[in-house]
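In: How does the following fold in three dimensions:
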Amino acid sequence: MVLGLFISVLVLTAGYLFVIGFHDAPNALAVAVRSRALTARRAVTISAIFNFIGVLLSGFALIGYTAHWVSVPVGPTGLATLATSLLAAILWNLLTWWLRMPSSSTHALLGGLMGAVWAAGAVGLESGGNFAPSFWTTVALPLLVSPIVVFLMAWLLVFPCYALIRRTYPRTVNNISRNVLSLSNSAISLGHGIEVGQKISVLVVLAYASAQMRLSSGTLSIAFIGMGAILAAGTLLGGWRIGRTFAERMVRIDPFRGAIAQIVTAGVMLFGGLALNAPLSSSHVAASSVLGAGVNQRFSAVSTPIVRQVLWTWIFTVPASFCLAAIFFLALSPVL
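Out: Below is the predicted model:
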C-alpha cells in the first residue's frame, strides 16, 4: 500500500509539473510574442531553458532556504493526502486551461492540501496533517496581497517611464521596449522555475518522509534534474489557449506598457523567490501587472467581462481544489 501510494505521488508530481509547464508558460512569453519582440518558437524555447535553470537553482542553491510550512502524517494517510492534493490541482489546472483562464497552480495545490487534510480529520484517520503557524505569514499573506501590490506598482511605474520617453520617437521606444520584453521572458521564466522548484521540493521531502524512506543528496539531485526537464517539456507546448486571453482578450497593451508590466513581474518573481523565499503565483503576478499597466492608457484597452471572468476564476480556485481533494480523499479513505 505504502509503496503504491508513494509511486502514485511521484507520478502525480511529474504530471503536475508538466501541466504547470504549459499552463503557466504565457505568464512569461505571451506579451513578448504579442508585441513581436520574440517569435513564438524562440519564446517557448528560451522560457523552457530558463525554467529548467530555475528549478536547478532552487534545488542546488536554495534548498536550505525552502520553508516547510505544512506537515502530513507518516504512512498511507500522508501519502494519500499528497496524492489527492496533486490530483485536484492537476484537474483544476486542466479545466482552467480548457476554459482559457489564467489561474494559480500554487493556489490550486494549497486548496487541495487543505481539502485533503480536512477530509483526513473528518473520517478520523491519523492526525498530524497541518499547516505551520508560519504558513499564514510566509505563504498565505504574500499570495493574497501580491496581485494588488503588483497592479499598483505597474500602474504607477507608467508615469515616470512615460515622462522619460515622451519626447522620444515612437519607433525608438518600441524597439527598446521589445528588447526589454525579450530579456524579461528569460527573467520571468527563471523566477517561475525557482518558485516551482521550491514548491515541489516540499512535496518530495514530504513524500519520502511519509513513506519513511531515506532521501539522499544524490537522489534529491536526480529528482531536481528530472523535475526541471519535465517542467521544460511542458513549457515547450506553449499554452497558447491561455496566452490569447492573457495578452489579447483581457487587455490590449502596447510594447512600452508591456515592457513595464513584464519588468514588474520579473522583479517581483525574482525578489520573492531569491530574497523573501515566499511562494508567489506567477499567473496572478503577471496578469495583475499587465492589467495595471494596461489600464494606464488613454484609450480603452481592457475588456471588463474578461477581467471579471478571470477574477471569478481566481476566487473559485481554492474552494474548488479543496472540494476536489476532499472528495478524492474520502473516496480513497476506506482502503487506508
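
In: If you count neighbours, what's buried in the helix or strand harbouring residue 4?
Out: Taking DSSP states H and E as the definition, residue 4 sits inside helix 2-24. Within helix 2-24, the residues that count as buried by 16 or more other CB atoms under 10 Å are 5-6, 8-10, 12-24. C-beta coordinates here come from the backbone N, C-alpha and C atoms, glycine included.

In: Next: stretch 47-62.
Out: For stretch 47-62, burial by neighbour count (16+ other CB under 10 Å) applies to 47-59, 62.

In: for stretch 260-278, same thing?
Out: Going by neighbour count (16+ other CB under 10 Å), the buried part of stretch 260-278 is 260-270, 272-274, 278.

In: Output the helix holding residue 4 as CSV - backbone C-alpha positions only.
Out: C-alpha atoms of helix 2-24 as CSV (Å, rounded to 0.1, in the frame of the first residue of the first chain):
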residue,chain,number,x,y,z
VAL,A,2,2.7,2.5,1.0
LEU,A,3,4.9,1.7,-2.0
GLY,A,4,2.0,2.0,-4.4
LEU,A,5,0.9,5.4,-2.9
PHE,A,6,4.5,6.6,-2.9
ILE,A,7,4.9,5.8,-6.6
SER,A,8,1.5,7.5,-7.3
VAL,A,9,2.7,10.7,-5.5
LEU,A,10,5.8,10.7,-7.7
VAL,A,11,3.8,10.2,-10.9
LEU,A,12,1.3,12.8,-10.0
THR,A,13,4.1,15.2,-9.1
ALA,A,14,5.5,14.7,-12.6
GLY,A,15,2.1,15.3,-14.1
TYR,A,16,1.6,18.4,-12.0
LEU,A,17,4.9,19.8,-13.2
PHE,A,18,4.1,19.0,-16.9
VAL,A,19,0.7,20.7,-16.7
ILE,A,20,2.3,23.7,-14.9
GLY,A,21,4.7,24.0,-17.8
PHE,A,22,2.1,24.8,-20.5
HIS,A,23,-0.5,26.3,-18.1
ASP,A,24,1.9,28.9,-16.8
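
In: Just checking the distance from that helix to the centre of its chain.
Out: Remark: helix 2-24 is offset 15 Å from the chain centroid, using CA atoms, centre = their mean, to the nearest Å.

In: just the strands in the chain please.
Out: Counting by DSSP state E, the chain has these strands, from start to end: 70-71, 130-131.

In: Okay, residue 336 and residue 52: tell me how far apart.
Out: Relative to residue 52, residue 336 is positioned 36 Å away (CB to CB, to the nearest Å).

In: circling back to that earlier point, which one of the buried residues of stretch 260-278 is nearest to residue 228?
Out: Of all the buried residues of stretch 260-278, residue 228 sits closest to residue 273, with 14.7 Å by CB to CB.

In: dump the residue contacts of the nearest residue to the closest one once chain neighbours are set aside.
Out: Excluding the flanking residues, the one nearest residue 273 by CB to CB, 6 or more residues apart in numbering is residue 194, at 3.8 Å. Neighbour list for residue 194: 54, 55, 57, 58, 62, 269, 270, 273, 274 [criterion: CB atoms under 8 Å, 6 or more residues apart in numbering].

In: any idea how far residue 219 is from residue 194?
Out: 21 Å.

In: Distance from the chain centre to the lengthiest helix in the chain, please.
Out: If you go by DSSP state H, the chain has its longest helix at helix 170-210. Centre-to-centre, helix 170-210 and its host chain are 9 Å apart (CA atoms, centre = their mean).

In: Give me the distance between residue 240 and residue 256.
Out: From residue 240 across to residue 256, the span is 24 Å (CB to CB).

In: ok, those two, which is more surrounded?
Out: Neighbours per residue, other CB atoms under 10 Å: of residue 240 and residue 256, the larger number sits with residue 256, 24 against 18.

In: Report the separation between the nearest residue to that one once chain neighbours are set aside and residue 301.
Out: Here the nearest residue to residue 256 in space, its sequence neighbours aside, is residue 177; by CB to CB, 6+ apart that works out to 4.8 Å. Distance, residue 177 to residue 301, using CB to CB: 16 Å.

In: Likewise for residue 160?
Out: 20 Å.

In: Of these two, give the one with the bigger neighbour count.
Out: More crowded of residue 160 and residue 301, by other CB under 10 Å: residue 301, with 17 against 9.

In: picking up where we left off before, residues contacting the residue nearest to residue 256?
Out: So residue 177 contacts 35, 37, 254, 255, 256, 258, 259 (CB under 8 Å, 6+ apart).

In: Report pLDDT for it.
Out: According to the prediction, residue 177 has pLDDT 92.

In: what's the spacing between it and residue 287?
Out: In this view, residue 177 and residue 287 are 19 Å apart by CB to CB.

In: So which residues of the chain form helices?
Out: Counting by DSSP H, the chain has helices at residues 2-24, 26-34, 40-60, 76-98, 105-122, 135, 141-165, 170-210, 217-235, 240-244, 255-270, 282-295, 304-332.

In: and residue 2, what does it touch?
Out: Residue 2 touches 75, 76, 79, 211, 212, counting by CB under 8 Å, 6+ apart.

In: Number of residues surrounding the third one?
Out: Other residues within reach of residue 79, judged by other CB under 10 Å, total 26.
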